[in-house]
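Enquirer: need a structure here:
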Amino acid sequence: MNSCKNTVIIEAPLKSVWEILSDFDRYPEWNPLIGKIRGNVAEGALVLAYVCPLKVYFPVRIISFKPMQEIIWQGRMPTASLMQGEHYYYLKDLGNNHTELIHGETFTGSLSDFMPPFLLSQLQDAYEFHNQKIKIIAESGV
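Expert: Here you go, the predicted structure:
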C-alpha cells in the first residue's frame, strides 16, 4: 500500500475553507490534478472527475460528503483488486479562525505496490501545492 498525505494550518474560519473545497467549479483555480467534476456530488454518487495530467474524465465514487468535515472519493481501475485510490480532505476547526486541512490519498490493490517512487513524489508535491493555494485563497478572503 502506498499513500500521500500532508497537513496545512489555514488562518481562516472552517466555513471559508469548506466553501473552497466544496465549490467544484473553482477547482481549476487551485487544483492542478482535478480540473472539473461533473455530476451530483452527494454521498454514494458516482461522478466524473477530469484528471488534468491525463486529459481524461475518470469515474469516482463519493464515499463521504459531510459538510464542514470531510470529502472522500474513491477511484479505481476496472477492478479494485488491481488498484484503487481513496482521496480525502478532512477539516478540523482549531478555534480562533484557524482550520486544519488534512489531505491525502491511499492506494491499494496489487498494482499499488509497483507505483514508481517518482510518481508518488510528484503526487505529494501536487497535493502540497494545491493545499498552499487553498491556504492563500482562504486567507485572502477571495
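Enquirer: I'd guessed N40 sits against L48; true?
Expert: No: look at N40 against L48 with CB atoms under 8 Å: they stay out of range, at 11.1 Å. In this view, the C-beta of every residue, glycine as well, is placed from N, C-alpha and C.
Enquirer: Which one of the two is surrounded by more residues?
Expert: Each of N40 and L48 has its neighbours counted (other CB atoms under 10 Å); L48 has more, 14 against 8.
Enquirer: Do you know the pLDDT at T79?
Expert: At T79, the pLDDT value in this model is 66.
Enquirer: do the same with the one 5 residues further on
Expert: Among the per-residue scores, Q84 holds a pLDDT of 87.
Enquirer: For it, list each beta-bridge partner.
Expert: R76, T108 (DSSP bridges).
Enquirer: where does the helix or strand E29 falls within sit relative to the chain's centre, distance-wise?
Expert: Taking DSSP states H and E as the criterion, E29 maps to helix 27-30. Helix 27-30 sits 12 Å away from the centroid of its parent chain (CA atoms, centre = their mean, to the nearest Å).
Enquirer: The longest helix seen in the chain: which residues count as buried?
Expert: Longest helix in the chain, counting residues (DSSP state H): helix 117-140. Judged by neighbour count (16 or more other CB atoms under 10 Å), helix 117-140 contains these buried residues: L123, Q124, A126, Y127, H130, N131, I134, K135, I137, A138.
Enquirer: Spatially nearest residue to N97 (excluding sequence neighbours)?
Expert: Nearest residue to N97 in three dimensions, chain neighbours excluded: P13, at 5.0 Å (CB to CB, 6 or more residues apart in numbering).
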